[in-house]
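Engineer: give me coordinates for this.
(chains A and B)
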Amino acid sequence: MDILPQVLISGASVGSIYALVALGLVLLYRTTHILNFAHGDIGVFATFLAFVMLQSLGLSYGLTLVLTLSAALIIGMVIYTLLVKPAKNQSHLGLLILTLGLGLALWGMNALVFGTDNKAVPPIIPDRPLRLAGAAVSQLSLFTALFGVVLMTVLWALLRFTKLGLVMRAVAQNQEVAKALGIPVRQAMLATWAVASVLAAVAALLFAPLTLLQPAMMLDPLSKGFVAAVLGGMNSLPGAVLGGYVLGMTEMLVGTYLLLEFKASFAFLVVLLVLLLRPHGLLGRAKVKRV
Amino acid sequence: MKRLLLAGFLAVLFAQAYAEPGVTDTEVRFGNWGPQSGPAAAWGTVTTAIEAYFNYINAQGGIHGRRLTLVSRDDAYDPARTVSAARELIDRERVFAFVGGVGTANGLAVMPLVQRHGIPWVSPATGSVVFAEQSGGLIFATFTNYVIEAALLARHAVNELGVRTIAVFFQNDDYGREGLRGLEEEVTRLKADGVNVVIRDRVSYERGAMVMTVQALRLAGSGADAVLIYSDPSAAASLLTEFARLDYRPQILASVTLLDPTLLAHPGMQGALFSSFLRLPSVILGPGQGDPIADYYFQQVTMQFAPQIARDPFRAGAGIGFAQPVVEALRLAGPELTRESFVAALRSLDGYSEGLFHNLSFVAGYQGNNSIQLLQMTPQGLRPASDWLSF
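Structural biologist: Numbering: from 1, shown residues only, chains lettered A, B, ... in the order given. Now for the predicted structure:
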């Protein structure tokens, strides 16, 4: 039996999670040049909130989703206003370290408030297997993949066609000049952090039903998401999604046909190769400095 | 006169330095580490349970007038952090002995320290064979080891459930590889007895990883009747979710480390066969089905002194079970407590079954517990699937 269709489909299923994580990371990075190490922990916090709403408060999934994503939005804005904006060291490295600290603090808070024991989170739609080209596709994976593509399109359209998007792109190019020109930089940053946090929440909410919810849940997907973002080009949203799928499929192909133990290492090797040939990632654009 | 005072003062200082660490007339201090954070954090409950049992004993006046104190550190299931935690417990906290300590790789990292400082260690909270094998007269294992456990699980599956093809899913470290070894040794024995059983695939994952799609595909591709799992609960849950997506429903054989209340509720766990080295209470096995000793300690210790861990009665029981031989040995060692007398008291334990282990005995060696009971997950919950089995 040829399992290649199954390998590819499972690879895409894994890739869709990486793509979602990468999307959030890239959105924040392209506007603020901050690598957010707390991205996973923000998502986990939001998922814990969802768990409490579903289990203890008995709310419906729809209402829970709305409330959780709204909470994520607010958390993003709070992080920017209370932590990022007042930070003394506004260099890229300084803010990166700040996000590292934020991640640790959030981890501790999640563990303290919600506990370290494993919890089960139900999926947004039932995880039923469907058949496609002789392979099993999970209904939930299809949803995740589709949702990722839709989100990417919406974000891309936001950046391309709206005023807010224009402001975010201006801030990404040169924050100082944008400020000098009277562009509302602060609003752009607030919006970026808010949306990135919502993306973190979405990725975690779609991943949690596949495993058990506990504070360290997003560590593995986060590191893969970083790799996917780098692979696709850190300033390209479609690149993030493409990077996610390429990473997922490579992992599956290497793990199935080559050596399972080296699947992660081999995937990173592929990334290295891509970066050697295309230093800015698959879809990234080189930054041209005009003199 | 001044010289006499100075000499006396120095003598007292020397006496203190050479006095038994961690022991005073009113207190004896035990060291412990556990994952309060990280991927295995659910196992932090064991530390809480040990402390609850100590508090239970203290509420009755302690042992020979001494109250028991537990000093614990979080190592996040990271062996590097376990080493620094152990150093702190030895050098700064000056503990008398270690009790518990979750994690195979974690415990292995700390063993050289234990040997070097001559610290007795009771109940490493891991089923690795190494602790009893390299005990050096200091380490007393009460957790039936993974090699025996895997062998008994496989034996039952083959003899009682008619399984003929097995695959194994294991964490790529000493913990997982001991499960693999137990399976391989048992399959060799069964084949020698003329039973035609085959290991179809051996699939591993790295500690901390949570995405198991590749592993699931490989295992499903093997088509094995049964899959033996030596992993952490999150990895197992991910694997079972992927199995369901691929419509692969093998007989699951699970190590005791997977007795996690949330994992048990996973639909993929229905019909799974588990191992337990511990007596289990009615709150796990159903009304009237629990072991009376387990029920007693669940009510008197967990519910009274640590009700917040009652939702995880297995790990709560494990902590109590780990602590019981410590208390028993303190009792036997008498009021003159030294590490030597403590170790001698432990070695004298034979047929100790008043605690949560079926039968604990250290006269013949340092692996004190060699029994397990098999349980099966049914729609009504966990039910006994065998009597106490000994290897």
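
Engineer: mind giving me the packing neighbours of the longest strand seen in chain B?
Structural biologist: As assigned by DSSP state E, the longest strand anywhere in chain B is strand B:381-390. Where contact means 3 or more CB pairs under 8 Å, 6 or more residues apart in numbering or on different chains; DSSP states H and E, strand B:381-390 is packed against helix B:146-161, helix B:282-285, strand B:371-378. Just so you know, the C-beta spots here come from the backbone N, C-alpha and C atoms, and that holds for glycine as well.

Engineer: buried stuff in that strand?
Structural biologist: B:382, B:384-385, B:389 (16 or more other CB atoms under 10 Å in any protein chain shown).

Engineer: re the thing from before, highest average neighbour count across the helices and strands packed on strand B:381-390?
Structural biologist: Ranked by average neighbour count under the criterion mean count of other CB atoms under 10 Å in any protein chain shown, those are headed by helix B:146-161 at a mean of 22.

Engineer: for it, give the mean pLDDT please.
Structural biologist: Across helix B:146-161, the average pLDDT comes to 95.

Engineer: cool, stretch A:167-180 as well?
Structural biologist: Stretch A:167-180 comes out at a mean pLDDT of 86.

Engineer: and it, how far apart are its ends?
Structural biologist: The straight-line separation of the ends of stretch A:167-180 (CA to CA, to the nearest Å) is 13 Å.

Engineer: quick check, pLDDT for A:K287.
Structural biologist: Reported pLDDT for A:K287: 65.

Engineer: my error: substitute B:A11 in the last question.
Structural biologist: Reported pLDDT for B:A11: 69.

Engineer: can you check the one 5 residues further on too?
Structural biologist: According to the predicted model, the pLDDT of B:Q16 comes to 56.

Engineer: over to A:P129?
Structural biologist: The model's pLDDT for A:P129 equals 82.

Engineer: tell me the SS of the residue lying closest to B:G355 once chain neighbours are set aside?
Structural biologist: Leaving out its chain neighbours, the residue that sits closest to B:G355 by CB to CB, 6 or more residues apart in numbering or on different chains is B:Q324, at 3.7 Å. What DSSP: H, G, I helix; E, B strand; the rest coil gives for B:Q324 is helix.

Engineer: for B:Q324, give me its contacts.
Structural biologist: B:Q324 makes contact with B:53, B:354-357, according to CB atoms under 8 Å, 6 or more residues apart in numbering or on different chains.

Engineer: chain A: which of the buried residues of strand B:381-390 is nearest?
Structural biologist: B:L382 (16.5 Å; CB to the nearest CB).

Engineer: mind jotting down where the helices sit in the stretch 1-150 of chain A?
Structural biologist: A:4-32, A:39-55, A:61-79, A:92-114, A:139-161 (DSSP state H, counting those that start in this stretch).

Engineer: if I look at the residue of the stretch 101-250 of chain A found nearest chain B, how far off is B:R66?
Structural biologist: Closest to chain B within the stretch 101-250 of chain A is A:T116: 3.2 Å, counting by CB to the nearest CB. Plainly put, A:T116 is 31 Å away from B:R66 if you go by CB to CB, to the nearest Å.

Engineer: nearest to B:V95, of the helices and strands packed on strand B:381-390?
Structural biologist: For B:V95, the closest of these is helix B:146-161, at 27.1 Å, according to CB to CB.

Engineer: just checking, what packs against that closest one?
Structural biologist: Other helices and strands packing on helix B:146-161, by 3+ CB pairs under 8 Å, 6+ apart, are helix B:174-192, strand B:226-230, strand B:251-254, strand B:273-276, strand B:371-378, strand B:381-390.

Engineer: how about 6 Å then?
Structural biologist: helix B:174-192, strand B:371-378 (3 or more CB pairs under 6 Å, 6 or more residues apart in numbering or on different chains; DSSP states H and E).

Engineer: in TSV, list the ones you listed along with distance to chain A.
Structural biologist: TSV is the format used below for the helices and strands packed on helix B:146-161 (distance: least, CB to the nearest CB, whole Å):
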stretch	distance to chain A
helix B:174-192	12
strand B:371-378	15
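
Engineer: distance to B:L278 added to the ones you listed, as JSON lines?
Structural biologist: Shown next, in JSON lines, are those (distance: least, CB to CB, whole Å):
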{"stretch": "helix B:174-192", "distance to B:L278": "18"}
{"stretch": "strand B:371-378", "distance to B:L278": "8"}
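
Engineer: B:H117: neighbour count?
Structural biologist: Residues near B:H117, counting by other CB atoms under 10 Å in any protein chain shown, number 14.

Engineer: with B:P79 instead?
Structural biologist: By other CB under 10 Å, neighbour count at B:P79 equals 17.

Engineer: got a list of what A:G225 touches?
Structural biologist: By CB atoms under 6 Å, 6 or more residues apart in numbering or on different chains, the residues touching A:G225 are A:18, A:21-22, A:25.

Engineer: which of the residues you listed lies closest to B:P261?
Structural biologist: A:V21 (28.5 Å).

Engineer: wait, doesn't that closest one sit right on A:S223?
Structural biologist: No: if you go by CB atoms under 6 Å, A:V21 and A:S223 don't touch, sitting 9.3 Å apart.

Engineer: among those two, which residue is more densely surrounded?
Structural biologist: Legend: neighbour count by other CB under 10 Å for A:V21 and A:S223, higher for A:V21 (32 against 16).

Engineer: I am finished for the moment; much appreciated.
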